[in-house]
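Visitor: no sequence on hand, only this structure:
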């Protein structure tokens, strides 16, 4: 079909797919003439564009960029495109019918590509109308939780490595996903760099990605130094980290990690307290490998190595101390967001908390 809707909140994949379509469909010799970009147009603009024909050889590609036709967010703007005046319901219905008619007769050499940075909402009238004449390609953003494996994202990373004729180890994948919080654009760039870095080898290891992008591990190094009581090193890491970025992402990451650690410690306490013991006998504890296995199983964590590393980090911490740290971090975060305390002071206060 000459009408293609590329939609989804995974912006990197949407942009990559649009670039692939442009390269595939456009004749380089005529690309400057036969490529048209419309950003946030009205329905009338799209209807007019749908009737256009290519000039010379090859196809004509009309890219409707940052299109919001197929999301309920559009309704919040109260108009038919950014900056457009609000149209009546009857006019909108007429425009939808006209667009459907225009899309049904698009010339086979003319391609309309709707690039939508939102998930495609098939319940909308406009979506249903366009869906009859278009190929819908969706790229929804995958949910990701720091420190937890995600099979879909791991598969994506392996395919990305395959683009450069290399493979990538599971622990290297987890490192990159954690370091960039599953930002696929950044992860793709690091895999591309690593694929060149390891030549003539064909396998990317954890050591390779750590050597290639050590700065991205600083927040995790900071968290480990802090939670294990290495205060001096943690303060040094914090200073270096804040020289590169704002403190709010650091606070957000620590919130996520503390939340996970509190949950894991509570699971450990629960599993140990459930063990049978006789009166007067000191409470028993599960062997560490068994504890790791049970916690990983309860959290649906495929890679027990991740769980083992976290449990070792918090081994000397009690559940009460972890809860206290998270409570204090929440208080400090509120002070930062309300302008009562600078980011650096808040993070330093957290690290110095006993």
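Guide: Alright, I've got the coordinates. It should be emphasised that the depicted structure is a prediction, and the values quoted were computed from it without experimental measurement.
Visitor: can we go C-alpha only for contacts and neighbour counts from here?
Guide: OK.
Visitor: per-residue confidence averaged over stretch 293-311?
Guide: Averaged across stretch 293-311, pLDDT comes to 81.
Visitor: tell me which residues in that stretch are buried?
Guide: Of the residues in stretch 293-311, those buried by neighbour count under the rule 16 or more other C-alpha atoms under 10 Å are 293, 294, 295, 296, 301, 303, 304, 306, 307, 308, 310, 311.
Visitor: what is the end-to-end distance of it?
Guide: Criterion C-alpha to C-alpha, to the nearest Å; first-to-last residue distance in stretch 293-311 is 11 Å.
Visitor: show me the shaky parts of the protein.
Guide: 1, 73-87, 146-147, 213-218, 277-283, 302-303 (pLDDT under 70).
Visitor: let me see the ranges of the strands in it.
Guide: 3-7, 35-39, 60-65, 110-116, 135-138, 167-168, 203-204 (DSSP state E).
Visitor: can you put those in a markdown table and add distance to residue 255 and mean neighbour count?
Guide: What follows is the strands of the chain, written out as a markdown table (distance: least, C-alpha to C-alpha, whole Å; neighbours: other C-alpha atoms under 10 Å):
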| stretch | distance to residue 255 | mean neighbour count |
| --- | --- | --- |
| strand 3-7 | 31 | 24 |
| strand 35-39 | 38 | 15 |
| strand 60-65 | 36 | 23 |
| strand 110-116 | 32 | 25 |
| strand 135-138 | 31 | 16 |
| strand 167-168 | 29 | 22 |
| strand 203-204 | 30 | 20 |
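Visitor: with distance to residue 345 added, can I get those in JSON lines?
Guide: JSON lines is the format used below for the strands of the chain (distance: least, C-alpha to C-alpha, whole Å):
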{"stretch": "strand 3-7", "distance to residue 345": "42"}
{"stretch": "strand 35-39", "distance to residue 345": "43"}
{"stretch": "strand 60-65", "distance to residue 345": "42"}
{"stretch": "strand 110-116", "distance to residue 345": "41"}
{"stretch": "strand 135-138", "distance to residue 345": "43"}
{"stretch": "strand 167-168", "distance to residue 345": "39"}
{"stretch": "strand 203-204", "distance to residue 345": "39"}
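Visitor: to residue 237, which of the ones you listed lies closest?
Guide: Among the strands of the chain, strand 203-204 comes nearest to residue 237, with 26.7 Å by C-alpha to C-alpha.
Visitor: chain center to the closest one: distance?
Guide: Strand 203-204 sits 23 Å away from the centroid of its parent chain (C-alpha atoms, centre = their mean, to the nearest Å).
Visitor: who touches that strand?
Guide: With C-alpha atoms under 8 Å, 6 or more residues apart in numbering as the test, strand 203-204 has contacts from 166, 167, 168, 169, 172, 194, 195, 198.
Visitor: please verify my assumption that the second one contacts residue 157.
Guide: Spelled out, it's residue 167. No. Contact status for residue 167 versus residue 157: not in contact, 9.3 Å apart, counting by C-alpha atoms under 8 Å.
Visitor: test my guess that residue 104 contacts residue 134.
Guide: No. Judged on C-alpha under 8 Å, residue 104 makes no contact with residue 134 at a distance of 9.2 Å.
Visitor: check contacts around residue 333.
Guide: Counted by C-alpha under 8 Å, 6+ apart, residue 333 has contacts 251, 346.
Visitor: that one and residue 350, how far apart?
Guide: When residue 333 is compared with residue 350 (using C-alpha to C-alpha), they lie 10 Å apart.
Visitor: ok, now residue 246?
Guide: 16 Å.
Visitor: between those two, who's got more neighbours?
Guide: residue 350 (17 against 12; other C-alpha atoms under 10 Å).
Visitor: wait, what's in contact with the more buried one?
Guide: With C-alpha under 8 Å, 6+ apart, residue 350 has these contacts: 325, 328, 329, 332.
Visitor: residue contacts, the last one?
Guide: To tie it back to what came earlier, the one meant is residue 332. So, once contact is read as C-alpha under 8 Å, 6+ apart, residue 332 ends up touching 341, 346, 347, 350.
Visitor: and what of the second one?
Guide: Taking C-alpha under 8 Å, 6+ apart as the criterion, residue 328 is in contact with residue 350.
Visitor: right, and residue 57 touches residue 27 too?
Guide: Yes. Here residue 57 reaches residue 27: they are 7.3 Å apart, a contact under C-alpha under 8 Å.
Visitor: and these two? Which one has more around it.
Guide: Each of residue 57 and residue 27 has its neighbours counted (other C-alpha under 10 Å); residue 27 has more, 17 against 13.
Visitor: list the contacts of the nearest residue to that one once chain neighbours are set aside.
Guide: The shortest distance from residue 27 to any non-neighbouring residue, by C-alpha to C-alpha, 6 or more residues apart in numbering, is to residue 58 (5.3 Å). Shown in contact with residue 58 (C-alpha under 8 Å, 6+ apart): 25, 26, 27, 30, 109.
Visitor: save those as JSON lines, and put in distance to residue 3 too.
Guide: Output for those, formatted as JSON lines (distance: C-alpha to C-alpha, whole Å):
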{"residue": "25", "distance to residue 3": "12"}
{"residue": "26", "distance to residue 3": "15"}
{"residue": "27", "distance to residue 3": "18"}
{"residue": "30", "distance to residue 3": "20"}
{"residue": "109", "distance to residue 3": "11"}
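Visitor: these in helices, which ones?
Guide: residue 25 (DSSP state H).
Visitor: which of the contacts of residue 58 has the most neighbours?
Guide: residue 26 (19 neighbours).
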